[in-house]
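>>> I need the structure of the sequence given here:
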Amino acid sequence: MSPQTDDDTFMQLGPQMVLAVFGRFVKYVGEVRIAATEYEKIVISVAKVKGCYMALTISKESRAELEESVTKIFEFIREIQ
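Below is the predicted model:
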């Protein structure tokens with residue numbers, strides 16, 4: 001688990017930066033809806049929802065539960081965008 005100060009720093013700029021990088025390809029492939037990054041221990045998903053940035057972190061301890069959770073979360077984000 002990361003320290004709260006690191007989490008706060010990431011949330012101030014991280015989602016905006018991640019989506020901006022992927023956003024460079026908007027004219028070719030359309031608007032970025034969700035960006036996901038897989039680390040050794042976690043998966044971080046970032047989305048812009050109704051003008052706000054959302055980041056979700058999911059532990060990879062149980063691979064089957066992770067895949068099911070990510071699928072459900074992505075479906076939910078798509079519904080509320």
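
>>> and the worst-scoring helix or strand of the chain on mean pLDDT, what other elements does it pack with?
In the chain, the helix or strand scored least confidently by mean pLDDT, DSSP states H and E is helix 63-80, which has a mean of 77. Applying 3 or more Cβ pairs under 8 Å, 6 or more residues apart in numbering; DSSP states H and E, one finds that helix 63-80 contacts strand 34-38, strand 42-49, strand 52-59. Where C-beta positions appear, they are placed from N, C-alpha and C, glycine not excepted.

>>> Could you pull up the contacting residues of F22?
Applying Cβ atoms under 8 Å, 6 or more residues apart in numbering to F22 gives the contacts 32, 35.

>>> State the three-state secondary structure for it.
Following DSSP: H, G, I helix; E, B strand; the rest coil, we place F22 in the helix state.

>>> how far away is it from E75?
20 Å (Cβ to Cβ, to the nearest Å).

>>> Poorly predicted segments of this protein, please.
63 (pLDDT under 70).

>>> wait, doesn't V32 sit right on L19?
Yes: V32 is within contact range of L19, at 5.5 Å (criterion: Cβ atoms under 8 Å).

>>> Give the residues shared as contacts by these two.
Going by Cβ under 8 Å, 6+ apart, residues that sit against V32 and also against L19 are K48.
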